[in-house]
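# fold the following, please.
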Amino acid sequence: MSKLSTSDLGYLMLLDAIYFNGKRIGNISEEGIDWGGQDPQNKELWAAQIRNNPVLELEVKAATNEITGTMIELVPENCVNIMGGKVVNKEWMMPANSIRVEGELKILAGTGQTIQLKRASLRASMIRGGLGGEKILGINFGLKMLAPLDGSSPGSIKPTDPFITADPAALTFEKAGGYKAVNIEASGPFSVGAVPEGFFVEIVNGRVTVIADENNSGGERSGELKFILDSDPEQAATITLTQPNE
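Residues are numbered from 1 along each chain as shown. Coordinates of the predicted model:
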């Protein structure tokens with residue numbers, strides 16, 4: 001990710017990250033994303049006596065906005081986020097049916113702006129592409145802007161403020177241990193603070209996994225895990241960790 005801009009000149013270029021429903025969509029193909037949609041539909045009214053021009057034009061359907069792209073980082077968690085199915089160990093089990101999900105969309109531009117849509121619909125995604133030569137396999141996706149249910153503005157474009165959030169805010173492991181995914185939304189690179197004893201953190205391309213060893217300590221393990229924004233260390237997200245010994 002690029003560093004945040006100190007001034008907004010109004011030019012939006014480059015792509016740092018896309019978050020849908022608080023989860024980072026994986027790496028996008030080098031073409032980036034496209035912002036398109038359908039043009040508005042108008043109805044012309046003509047009068048019998050006036051034949052050279054319509055007497056009235058009505059907009060019967062407004063233009064639509066849709067963001068499309070191809071996600072090429074096909075790790076199981078990314079595939080589930082935009083196409084459904086489930087993760088079994090490190091295997092992606094494809095969905096039996098297509099999914100239709102709504103949620104907030106956040107796009108971070110490399111020039112230092114955030115595009116935020118309050119309500120977007122993830123339409124059916126499809127595996128497309130190829131293998132061999134320079135071909136690559138990916139998941140084509142589309143996110144269509146919808147009207148907010150409260151009737152407010154559907155979205156905004158603003159300078160990116162430093163931020164970092166973590167979901168969930170607490171993790172509980174079984175005595176035998178295991179691993180759990182954490183969804184981190186951040187305006188730029190981040191670091192991990194001190195990790196409590198018995199726990200470990202793995203970060204691959206922004207995907208965070210917290211791992212717990214088997215608890216043979218004789219008591220409950222607990223502690224706090226912090227993710228700290230590199231550009232502003234005062235911005236941090238904290239997760240509470242617990243693991244019983246029974």
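
# please state the backbone phi and psi of the closest residue to residue 178 other than its chain neighbours?
Nearest residue to residue 178, sequence neighbours excluded (Cβ to Cβ, 6 or more residues apart in numbering): residue 212, at 6.1 Å. Glycine gets a C-beta too; all of them are placed from N, C-alpha and C. In this entry, residue 212 is assigned phi and psi values of phi -120, psi 130 (degrees, to the nearest 10).

# tell me the spacing between residue 212 and residue 233.
Residue 212 sits 26 Å away from residue 233 when distances are taken as Cβ to Cβ, to the nearest Å.

# with residue 130 instead?
Applying Cβ to Cβ, the value for residue 130 to residue 233 is 44 Å.

# just the buried positions in the host helix or strand of residue 144, please.
Here residue 144 sits within strand 135-145, counting by DSSP states H and E. Of the residues in strand 135-145, 138, 139, 140, 141, 142, 143, 144, 145 count as buried by neighbour count, 16 or more other Cβ atoms under 10 Å.

# nearest to residue 217, of the residues you listed?
residue 139 (42.3 Å; Cβ to Cβ).

# run through the bridge partners of that closest one.
In this entry, residue 139 is beta-bridged to residue 71, residue 127, by DSSP bridges.

# contacts only, for it.
70, 71, 74, 79, 82, 83, 125, 126, 127, 128 (Cβ atoms under 8 Å, 6 or more residues apart in numbering).

# at 6 Å what do you get?
Taking Cβ atoms under 6 Å, 6 or more residues apart in numbering, we find residue 139 in contact with 71, 82, 83, 125, 127.

# for the residue located most distally from the centre of the chain, give me phi and psi.
Relative to the centre of the chain, the most outlying C-alpha is that of residue 49, 55.8 Å out, by Cα atoms, centre = their mean. Main-chain dihedrals, residue 49, degrees, to the nearest 10: phi -80, psi -20.

# relative to residue 55, how far out is it?
For residue 49, the distance to residue 55 - Cβ to Cβ - is 9 Å.

# likewise for residue 79?
Per Cβ to Cβ, residue 79 is found 54 Å from residue 55.

# between those two, tell me which one has more neighbours.
The neighbour comparison of residue 79 against residue 55 (other Cβ atoms under 10 Å) goes to residue 79, with 23 against 10.

# hang on, that one in a strand?
No: with DSSP: H, G, I helix; E, B strand; the rest coil as the criterion, residue 79 is assigned helix and is not in a strand.

# which residue would you name as the spatial centre of this protein?
With distances taken as Cα atoms, centre = their mean, residue 19 lies nearest the centre of the chain, 1.8 Å away.

# so which helix or strand takes in that residue?
Residue 19 is part of strand 15-20 when elements are defined by DSSP H and E.

# mind listing what the next helix or strand after that strand pairs with, with the direction of each?
Next along the chain after strand 15-20, taking DSSP H and E as the criterion, comes strand 23-24. Using DSSP bridges, strand 23-24 pairs in its sheet with strand 15-20 (antiparallel).

# check the offset of the partner strand from the chain's centre.
Relative to the centre of its chain, strand 15-20 is centred 6 Å away, using Cα atoms, centre = their mean, to the nearest Å.

# can you dump the C-alpha coordinates of that strand into PDB?
The C-alpha coordinates for strand 15-20 follow below in PDB (Å, rounded to 0.1, in the frame of the first residue of the first chain):
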ATOM      1  CA  LEU A  15      -5.700   0.500  -6.000                       C
ATOM      2  CA  ASP A  16      -4.500  -0.300  -2.400                       C
ATOM      3  CA  ALA A  17      -7.300  -2.500  -1.100                       C
ATOM      4  CA  ILE A  18     -11.000  -3.400  -1.300                       C
ATOM      5  CA  TYR A  19     -13.000  -4.300   1.700                       C
ATOM      6  CA  PHE A  20     -16.500  -5.800   1.500                       C
END
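
# quick one: that strand to strand 135-145, angle?
Using axes from the mean of the first three to the mean of the last three Cα atoms, to 10 degrees, the inter-axis angle of strand 15-20 relative to strand 135-145 is 60 degrees.
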